[in-house]
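K.L.:
structural data only, the sequence is not supplied:
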């Protein structure tokens with residue numbers, strides 16, 4: 001019976017909660033590093049030509065002029081977009097690795113968003129998309145990713161609450177059983 005009590009002990013529950021909190025903290029650190037890396041790359045003088053068309057650091061900062069831009073990427077801009085994608089991949093690779101270890105359910109959300117952004121950049125280079133349309137799609141991709149990450153975080157929270165409730169129910173059942181056998 002001691003083993004049963006140990007399995008339901010506050011120590012194992014608190015260890016699980018602490019482990020989950022550590023995973024979330026590690027994910028946040030990786031996300032912050034990826035964002036800082038992206039911002040540093042966006043500030044590079046190498047990509048200044050692209051700023052006229054798209055805000056690289058924060059797509060939500062796009063101006064009306066950028067969203068309405070009907071021009072297509074020039075050869076120079078296409079080459080710079082190739083470098084930009086390499087910079088982004090350099091920044092996001094560690095985030096994807098950390099996500100796989102810490103919060104694996106969120107990995108596919110991030111990967112899908114990155115793939116969607118890549119498709120936009122390909123559309124720019126292939127002249128299938130004008131700059132304004134590309135900016136709007138990148139904004140939409142970002143919004144969709146945020147919504148899916150929030151939904152994923154909600155699912156993780158619900159699972160955590162269910163596990164805690166299950167632990168409490170097992171404790172209550174065990175204590176009830178013990179109480180019933182006491183004369």
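P.N.:
Looks like it arrived, so ask away. All figures in this text were calculated on a predicted structure; none of them were measured in a lab.
K.L.:
show me what the biggest helix by length in the chain is packed up against.
P.N.:
Secondary structure of the chain per DSSP state H: the longest helix is helix 131-181. Helices and strands touching helix 131-181, by 3 or more C-beta pairs under 8 Å, 6 or more residues apart in numbering; DSSP states H and E, are helix 2-7, helix 10-42, helix 64-67, helix 107-125. For glycine as for every other residue, the C-beta is placed from the backbone atoms N, C-alpha and C.
K.L.:
6 Å - rerun?
P.N.:
Contacts defined by 3 or more C-beta pairs under 6 Å, 6 or more residues apart in numbering; DSSP states H and E place helix 131-181 against helix 64-67, helix 107-125.
K.L.:
what distance separates that helix from the centre of its chain?
P.N.:
15 Å (C-alpha atoms, centre = their mean, to the nearest Å).
K.L.:
could you tell me the angle between it and helix 10-42?
P.N.:
Counting by axes from the mean of the first three to the mean of the last three C-alpha atoms, to 10 degrees, helix 131-181 lies at 170 degrees to helix 10-42.
K.L.:
got the helices and strands packed on helix 131-181 as TSV, with distance to residue 73 columns?
P.N.:
Output for the helices and strands packed on helix 131-181, formatted as TSV (distance: least, C-beta to C-beta, whole Å):
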stretch	distance to residue 73
helix 64-67	13
helix 107-125	5
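K.L.:
tell me which of the ones you listed sits nearest to residue 93.
P.N.:
Checking the helices and strands packed on helix 131-181 against residue 93 by C-beta to C-beta gives helix 107-125 as the closest, at 10.0 Å.
K.L.:
pull out the buried positions in the closest one.
P.N.:
Buried residues in helix 107-125, counted by 16 or more other C-beta atoms under 10 Å: 107, 109-110, 113-114, 116-117, 120-121, 123-125.
K.L.:
closest one to residue 67 out of those residues, please.
P.N.:
Using C-beta to C-beta, the buried residues of helix 107-125 come closest to residue 67 at residue 120, 13.4 Å.
K.L.:
and that closest one, what does it touch?
P.N.:
Each residue near residue 120 by C-beta atoms under 6 Å, 6 or more residues apart in numbering is listed here: 134, 137-138.
K.L.:
same thing but 7 Å
P.N.:
Contacts for residue 120 (C-beta atoms under 7 Å, 6 or more residues apart in numbering) come out as 129, 134, 137-138.
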